[in-house]
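K.L.:
what follows is a predicted structure for the sequence shown.
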Amino acid sequence: MLLTMDINSASPPVLMIHGWAGSFKRTWQEPGIESLLKESGRTVVGIDLLGHGLAEKPHDPAAYSDLSLPIRNAATHQVVDAVGFSLGAIALLHAATMNPHMFRKLMLVGIGDNIFEPHNPDDSEVIISGIDGTAEVGNTLARQFGNYARQSGNDPDALRAMLQRPRGATFTRDNALAITAEVYLIVGDRDFVLPADELATAFQNSKFKLLKNCDHFASTENFSLIDAMLDFFKD
């Protein structure tokens, strides 16, 4: 779902995409990050992925097979800039795989080299155990995901269905090399997605930033990330 478009810039719009169990409002708007981009003169387009925020929330996993459709719908017939966190970054890469020239600048937050590996259903089952409250006591990560899924406004059944969606082809290094955007990969130094070195060097034009003392869930509100974002999208 496309949420806002504030036309205040001659530059391409900046699409902002949240992570799993987040939303445009919760991830980018409430912390004031959207406002900072707008104050810098950029047009902001907020997107809620299917199953999240104000978008529809089907419970059928098959409904989530086309992860990047909301992004492609928002960027019809124009080149755009974009920032995506975690699932949002994965969705942006899916969109860029389908159209390698649709982005001018692409900021990817909270993903790593495992993007090149086939999906392991066991990983989803761990998160689902957190949603269902059946995670092992010592599995802090599953419990964190479960807490996010049960936040106000979320539909845990829809989020479970998203995790169980049919997976398409695995993202490859050839897919990365075909993307013409300037890419900025940012990952916290305590993020479970690490390492990210191979992904950071897989694009035609890319740079990499490691956020100090930052885990996955704190990435989007990290001051170093916000500063880097404002600088990256300043024109």
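P.N.:
Noted; the coordinates are in hand.
K.L.:
for the residue nearest the centre of the chain, pull up the helix or strand it's in.
P.N.:
Closest to where the C-alpha atoms of the chain average out (C-alpha atoms, centre = their mean) is residue 88, at 1.8 Å. If you go by DSSP states H and E, residue 88 is part of helix 87-98.
K.L.:
in three-state terms, label the closest residue in space to residue 217 that isn't next to it in sequence for me.
P.N.:
Leaving out its chain neighbours, the residue that sits closest to residue 217 by C-beta to C-beta, 6 or more residues apart in numbering is residue 144, at 6.4 Å. Every residue, glycine included, has its C-beta placed from N, CA and C. Counting by DSSP: H, G, I helix; E, B strand; the rest coil, the backbone at residue 144 sits in helix.
K.L.:
so residue 205 bridges to which residues?
P.N.:
The partner list for residue 205 in beta bridges (DSSP bridges) reads residue 182.
K.L.:
what residues does it make contact with?
P.N.:
Taking C-beta atoms under 8 Å, 6 or more residues apart in numbering, we find residue 205 in contact with 180-183.
K.L.:
ok, 10 Å please
P.N.:
Counting by C-beta atoms under 10 Å, 6 or more residues apart in numbering, residue 205 makes contact with 105-106, 179-184.
K.L.:
before we move on, what about residue 134?
P.N.:
Contacts for residue 134 were tallied using C-beta under 10 Å, 6+ apart; they are 125, 128, 142, 146.
K.L.:
check the third one and give its pLDDT.
P.N.:
The per-residue pLDDT reported for residue 142 equals 92.
K.L.:
tell me how many other residues crowd it.
P.N.:
By other C-beta atoms under 10 Å, 21 other residues sit near residue 142.
K.L.:
would you agree it is in contact with residue 127?
P.N.:
Yes: with contact defined as C-beta atoms under 10 Å, residue 142 reaches residue 127; the gap is 6.2 Å.
K.L.:
which residues are in contact with both of those two?
P.N.:
Common neighbours of residue 142 and residue 127 (C-beta under 10 Å, 6+ apart) are residue 135.
K.L.:
can you pick the most crowded of the contacts of residue 205?
P.N.:
residue 106 (28 neighbours).
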